[in-house]
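1. Need a 3D model of the sequence below.
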Amino acid sequence: MMPKVVVVGGGWAGCAAAISAAKAGADVVLLERTDMFLGTGLVGGIMRNNGRFTATEELLALGGGDLFEVTDEVSRHKNVEFPGHKHASLYDVAKVEPAVKNRMAQYGKIQFRTEARVKDIQMEGSRITAVVVDETDVIQGDVFVDASGTAGPQGNCTKYGNGCAMCIYRCPTFGGRVSIAAKAGVKEIIGRKADGSLGAMSGSCKLHKDSIRPDIIEEMDRTGVAVVPIPEQLRKSDSLSQKACQQYALKEFADNVILLDTGHAKLMSPFYPLDKLRQVPGFEDARFEDPYSGGIGNSVRYLGMCPRDNTLKVQGDVDNLFCAGEKAGLLVGHTEAVVTGTLAGHNAVRAAVNKDLLELPRSLAVGDAIAHVKDQMTTEDGLTKKYTFSGSVYFQRMKEQNLYTSDVNVIKQKVDAAGLAGVFAQPLS
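-> Sure thing, here's the model as predicted:
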């Protein structure tokens with residue numbers, strides 16, 4: 001009998017976990033509280049920049065690259081450079097979610113549901129036996145993956161941010177995030193900003209293209225990038241330290257309006273007061289697309305991470321729970337979520353069929369990042385930083401550890417040397 005894996009949260013991590021568990025041989029139920037999958041991936045769009053190229057190709061060589069194949073297929077621009085970032089791909093935010101659903105449907109073993117907000121769990125001893133969507137909708141499973149994220153509900157954005165910004169999470173419509181790890185009694189970890197305050201503000205906003213001067217949009221559509229200088233008196237460098245995405249906390253992002261073409265005009269700032277933005281030449285008529293209150297802020301994240309080991313098994317008084325995405329720690333970004341989701345889904349099946357859990361080796365960037373972030377989250381200083389393959393402190397570590405390369409053959413050789421080629425593509429039961 002096939003094991004049954006239940007994944008809670010349908011962002012990048014949850015979708016990756018569902019695909020990975022299905023490939024490993026499980027029957028999978030994927031539950032998403034809103035009406036679309038991918039979470040912040042619906043307004044994100046940046047892939048393969050800097051060390052994310054290495055991580056992407058490692059996961060492809062490991063047999064877990066389905067979602068990277070999808071984003072490659074729907075990319076509007078490839079091999080883009082913008083300040084501090086090389087060889088980026090920018091996927092189309094309008095096309096990516098249906099493409100991901102189509103990929104999940106190809107496996108036949110994934111039952112994926114939207115508007116299915118998990119409200120509670122059922123347990124026997126230290127094992128979760130089921131999740132509860134409502135009084136008559138109880139979904140049983142053998143192993144569970146918490147990929148519910150760390151942002152919301154809206155009260156947290158009010159308490160730790162600038163108020164509910166009406167972002168892509170849409171808590172007022174679909175209800176706030178519910179952590180099944182917390183429901184199981186796990187004491188969660190809270191990230192901090194550099195000043196010691198809790199959480200971190202999501203990293204960018206979207207502008208309506210038709211509200212921006214046409215020559216700026218033409219440049220962005222043609223090259224993928226537009227860099228527009230900000231008059232000195234309007235620069236707001238203080239906001240950079242608040243971003244979850246510290247790979248973009250560079251001086252260039254304070255001195256310029258930097259736009260990336262993801263279908264929308266992606267503004268690389270966690271917020272920009274609308275009256276000031278409209279004083280920048282070319283943005284006199286600017287209007288925010290997401291979040292709608294992008295002039296005051298964005299969603300606040302990293303308010304509920306799981307203690308876990310390097311197999312992504314949750315540590316605490318629960319035996320059959322894994323975590324992925326932001327729940328797995330201070331790894332920021334879509335690529336990072338896909339990596340942790342793939343490992344969590346695979347190991348959920350290993351746990352169900354009583355096989356040794358897989359820990360990715362530190363000779364690979366994907367393994368080193370998972371282990372390094374776990375180590376850093378045990379320190380006060382580590383909890384104030386954010387880690388990503390694409391910049392800031394972890395990309396620097398990648399270069400120091402000789403883990404960063406854009407040579408695909410070298411990456412494949414490293415995966416082969418670890419004895420892990422295609423490991424995520426092999427059924428376990």
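
2. what's in contact with the helix or strand hosting Val227?
-> Under the criterion of DSSP states H and E, Val227 resides in strand 225-229. Strand 225-229 is contacted by residues 80-83, 216-217, 219-220, 252, 255-261, 265, 280-283 when judged by Cβ atoms under 8 Å, 6 or more residues apart in numbering. Any C-beta I mention is one placed from the backbone N, CA and C, and that applies to glycine too.

3. Name the residues of the helix or strand of the chain with the lowest mean pLDDT that come out as buried.
-> Counting by mean pLDDT, DSSP states H and E, the chain has its least confident helix or strand at helix 251-255, which shows a mean of 81. For helix 251-255, the neighbour count (16 or more other Cβ atoms under 10 Å) marks Phe253, Ala254 as buried.

4. That helix: what's the following helix or strand?
-> Next helix or strand after helix 251-255 toward the C-terminus (DSSP H and E): strand 256-261.

5. Just checking: what are the partner strands of that following strand?
-> Next to strand 256-261 in the sheet, as set by DSSP bridges, lie strand 225-229 (antiparallel), strand 265-267 (antiparallel).

6. Let me know the outermost residue of this protein.
-> In the chain, Gln233 marks the outermost C-alpha relative to the chain mean, sitting 34.0 Å out by Cα atoms, centre = their mean.

7. now it: how far from Val225?
-> According to Cβ to Cβ, to the nearest Å, Gln233 and Val225 sit 25 Å apart.

8. Same question for Val132.
-> 46 Å.

9. Tell me how far the residue farthest from the centre of the chain lies from Arg117.
-> For Gln233, the distance to Arg117 (Cβ to Cβ) stands at 45 Å.

10. gap between the helix or strand encompassing Ala344 and the chain center?
-> Assigned by DSSP H and E, Ala344 belongs to helix 334-352. Per Cα atoms, centre = their mean, to the nearest Å, the displacement of helix 334-352 from the mean C-alpha position of its chain is 13 Å.

11. If we go by neighbour counts, what in the following helix or strand past it is buried?
-> Per DSSP H and E, the first helix or strand lying C-terminal to helix 334-352 is helix 365-376. For helix 365-376, burial by neighbour count (16+ other Cβ under 10 Å) applies to Ala365, Val366, Gly367, Asp368, Ala369, Ile370, Ala371, His372, Val373, Lys374, Gln376.

12. What is the nearest of the residues you listed to Thr71?
-> Nearest to Thr71 among these: Val366, at 16.6 Å, using Cβ to Cβ.

13. you'd agree the closest one is up against Leu360?
-> Yes. The criterion here is Cβ atoms under 8 Å, and Val366 meets it with Leu360 at 5.5 Å.

14. shared neighbours of the two, which are they?
-> Residues touching both Val366 and Leu360 by Cβ under 8 Å, 6+ apart: Leu343.

15. sorry, back to before: any chance of the buried residues of helix 365-376 in TSV, plus pLDDT?
-> Formatted as TSV, the buried residues of helix 365-376 follow (pLDDT from 0 to 100):
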residue	pLDDT
Ala365	98
Val366	98
Gly367	98
Asp368	98
Ala369	98
Ile370	98
Ala371	98
His372	97
Val373	97
Lys374	97
Gln376	95
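
16. quick one: low-confidence parts of the chain?
-> Scanning the chain for pLDDT under 70 picks out 236-250.

17. what's the spacing between the closest residue to Gly325 other than its chain neighbours and Val7?
-> Closest residue in space to Gly325, ignoring its immediate chain neighbours: Ala13 at 2.8 Å, by Cβ to Cβ, 6 or more residues apart in numbering. The gap separating Ala13 from Val7 is 9 Å, by Cβ to Cβ.

18. Spit out the contact partners of the residue farthest from the centre of the chain.
-> With Cβ under 8 Å, 6+ apart as the criterion, no residue contacts Gln233.

19. for it, phi and psi?
-> Recorded main-chain torsions at Gln233 are phi -70, psi -10, according to degrees, to the nearest 10.

20. now it: how far from Val280?
-> 11 Å.

21. And Phe271, by the same measure?
-> Distance of Phe271 to Val280, computed by Cβ to Cβ: 14 Å.

22. what does Cys323 give?
-> Distance from Cys323 to Val280, by Cβ to Cβ: 41 Å.

23. And these two? Which one has more around it.
-> The residue with more neighbours, out of Cys323 and Val280, is Cys323; 32 against 17, by other Cβ atoms under 10 Å.

24. Give me the spatial nearest neighbour of the more buried one, chain neighbours excluded.
-> In space, Cys323 comes closest to Cys306 once its chain neighbours are excluded; the distance is 4.1 Å by Cβ to Cβ, 6+ apart.

25. for the one you found, what are its contacts?
-> If you count contacts by Cβ under 8 Å, 6+ apart, Cys306 has them with Asp146, Ala181, Val186, Glu188, Ile189, Val314, Gln315, Cys323, Lys327, Ala328, Gly329.

26. related to what we said a few turns ago, number of nearby residues for the residue nearest to Gly325?
-> For Ala13, using other Cβ under 10 Å, the count is 35.

27. Let's verify it: helix, strand, or coil?
-> Assigned by DSSP: H, G, I helix; E, B strand; the rest coil, the conformation of Ala13 is helix.

28. I am assuming it contacts Thr340, so please confirm or correct that.
-> Yes. Contact criterion Cβ under 8 Å: Ala13 and Thr340 qualify, at 5.8 Å.

29. Are there residues contacting both of those two? Which ones?
-> Ala324, Gly325, Ala328.

30. Of the residues you listed, grab the buried ones for PyMOL.
-> A single PyMOL command selects the buried members of those (16+ other Cβ under 10 Å):
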select buried, resi 324+325+328
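
31. Out of the shared contacts of Ala13 and Thr340, the closest to Ser204 would be?
-> Nearest to Ser204 among those, with distances taken as Cβ to Cβ, is Gly325, at 17.7 Å.

32. For the closest one, give its distance to Thr342.
-> Look at Gly325 and Thr342: by Cβ to Cβ, they are 11 Å apart.
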